[in-house]
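K.L.:
Here is my input; please provide its structure:
(one chain, ligands or ions: 2)
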Amino acid sequence: MTPKRIAEILRQGNPDDRLTIQGWVRTKRELKGFSFMEVNDGSCLASLQVVLDREMPQYEQVLKSLNTGASVEVEGVLVASPAKGQRVELKAEKVVVYGEADENYPLQKKRHSFEFLRTIAHWRSRTNTLGAVFRVRNACSAAVHEFFQQRGFLWVHTPIITGNDCEGAGELLAVTSLDLQNVPRTKEQAVDYSQDFFGKPAYLTVSGQLEAEVMAMAFGNVYTFGPTFRAENSNTSRHLAEFWMIEPEMAFCDLEGNMDLAEQFLQFVFKSVLEKCPEDMEFFNKRINDTVLATADNIINNQFERVTYTEAIALLEKAPDKFEFPVEWGLDLQSEHERYLAEKLFKKPVIVTDYPLEIKAFYMRVGDDGKTVRAMDVLAPNIGEIIGGSQREERLDILENRMQSHGINPEELWWYLDLRRFGSVPHAGFGLGFERLVQFMTGMGNIRDVIPFPRAPLSLDF
Ligand code: 4AD
Ligand code: MG
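P.N.:
Ligands and ions are numbered 1, 2, ... in the order given. Below you'll find the model as predicted:
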């Protein structure tokens, strides 16, 4: 019999349905004439209650091996459940234990801290919270593609190994080609493999933007959705060394169109995840952060605030709060400033535009005032910067000047400059940190708990 997923059974199963499930035992309770166990298969938050009758063949023997963590297949018949909160339960007729688990299984009944669970990343997906996180992450990924595909954007695959530092922030992880036959085994043998990819310096990409611009110049609207890397040696709850980024890029588009897209995009994804994972979202609201559902509602039903950097500075100067870092035109906004704007002042996402050109990347379009660039950062309550984007500089001479003042060798980006030589158009795009989005949606405090295998300083165990 083809096994059924527990999510489907709980939604649509009826008494007298005969079926098979497969999953892992969460708990077991032994009573006199019968026993109960809860089985979870990852398809939903809830486990299915299974009733084991003493009359079942080999009852005692089977029961002994049904410990927390054991993998099982149960064939039986659904019956109406007398227990609160569940419509049906499964009356077992045949139980097969695939793999037993003894008392050393690390996920015993008690609640574990997220810190502890990070040390056993290979087990934590079997917990309620991380299970819910990864289902929401999946629904979010699907919604990303749905959003762009519905609008005719092409999903383009930009390289992971690259020769350029798109952001110019110097947070690069280098790639080295190793001759595996001659890898040094001892300290004495060690050689310096300094940034050598078959004779050229190469890095793991910090952003697919520059290559996405190439594709937008042929297809109009494109997006990337892939891993990006930063040699981020900071131990914060918002940074990873390996994170996923979504980067739409649109030809014939200015900053206003870019802001509209960012807003519609976030609204679409929140709505879609609420529809697809209602139980998981309610769980986050109840157990992780009681603002999760209100935040989703706020995103879906309100327009984002839009202010220029210059206006933001004026608002911060008037703020009653005492900030640790100075507020002054020309200085970058610190996370305390961003949080003030999004959390305290506007209480919703804020799009800050037109930053001073000195503090932003070389590719951003210089504004009419000659002092600012057409940049946009979307700041979210509890998260801070969730999106960074801009209209791109499409004028060759100005771009060349900007590269020069950023110390970028034009020869290294000859192809990027070429896009401005032949058929250049105004264009714009942004980058959304996917893990920050999942954090925002679920209320999870630490970014390491929204990606299955976090890569950050000191976490590379497996
Ligand atoms: O603001 P960033 O650096 O922008 C870019 O890379 C542009 N090239 C994007 C574009 O216009 N196509 O990064 C974009 C977003 C940030 O807003 C943040 O959400 C996320 O990527 N991000 C990180 N997320 C997790 N860990 C890190 N170390 C991150 N660095 C950036
Ligand atoms: Mg940024």
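K.L.:
Quickly list the domain ranges of this protein.
P.N.:
Domains of the chain are assigned by automatic domain parsing as 6-99, 125-152+220-449.
K.L.:
mind checking the end-to-end distance for the shortest one?
P.N.:
Same thing as domain 6-99. End-to-end span of domain 6-99 (CA to CA, to the nearest Å): 20 Å.
K.L.:
can you tell me the average pLDDT over it?
P.N.:
Throughout domain 6-99, pLDDT has a mean value of 95.
K.L.:
Against ligand 1, how distant is the residue nearest to residue 62 when sequence neighbours are not counted?
P.N.:
Spatial nearest neighbour of residue 62, excluding adjacent residues (CB to CB, 6 or more residues apart in numbering): residue 95 at 5.1 Å. Just so you know, the C-beta spots here come from the backbone N, C-alpha and C atoms, and that holds for glycine as well. Going from residue 95 to ligand 1 by CB to the nearest ligand atom, to the nearest Å gives 44 Å.
K.L.:
Tell me which stretches of the stretch 301-450 of the chain form strands.
P.N.:
Counting by DSSP state E, counting those that start in this stretch, the stretch 301-450 of the chain has these strands, from start to end: 305-308, 350-356, 372-380, 384-391, 427-433.
K.L.:
With mean pLDDT and mean neighbour count added, can I get these in TSV?
P.N.:
Below are the strands of the stretch 301-450 of the chain laid out as TSV (pLDDT from 0 to 100; neighbours: other CB atoms under 10 Å):
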stretch	mean pLDDT	mean neighbour count
strand 305-308	98	17
strand 350-356	98	23
strand 372-380	98	25
strand 384-391	97	23
strand 427-433	98	25
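K.L.:
mind putting those in a markdown table, distance to ligand 1 included?
P.N.:
Shown next, in a markdown table, are the strands of the stretch 301-450 of the chain (distance: least, CB to the nearest ligand atom, whole Å):
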| stretch | distance to ligand 1 |
| --- | --- |
| strand 305-308 | 17 |
| strand 350-356 | 11 |
| strand 372-380 | 7 |
| strand 384-391 | 2 |
| strand 427-433 | 2 |
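K.L.:
got the ones you listed as JSON lines, with distance to residue 10 columns?
P.N.:
Converted to JSON lines, those look like this (distance: least, CB to CB, whole Å):
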{"stretch": "strand 305-308", "distance to residue 10": "40"}
{"stretch": "strand 350-356", "distance to residue 10": "40"}
{"stretch": "strand 372-380", "distance to residue 10": "33"}
{"stretch": "strand 384-391", "distance to residue 10": "33"}
{"stretch": "strand 427-433", "distance to residue 10": "33"}
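K.L.:
Residues of this structure that sit close to ligand 1?
P.N.:
With CB under 6 Å from any ligand atom as the criterion, the chain meets ligand 1 at residues 166-167, 207, 209, 230, 232, 239-240, 243, 245, 247, 385-389, 429-433, 435-436.
K.L.:
ok, residue 47 touching residue 36?
P.N.:
No. Applying CB atoms under 8 Å, one finds residue 47 not in contact with residue 36, separated by 10.6 Å.
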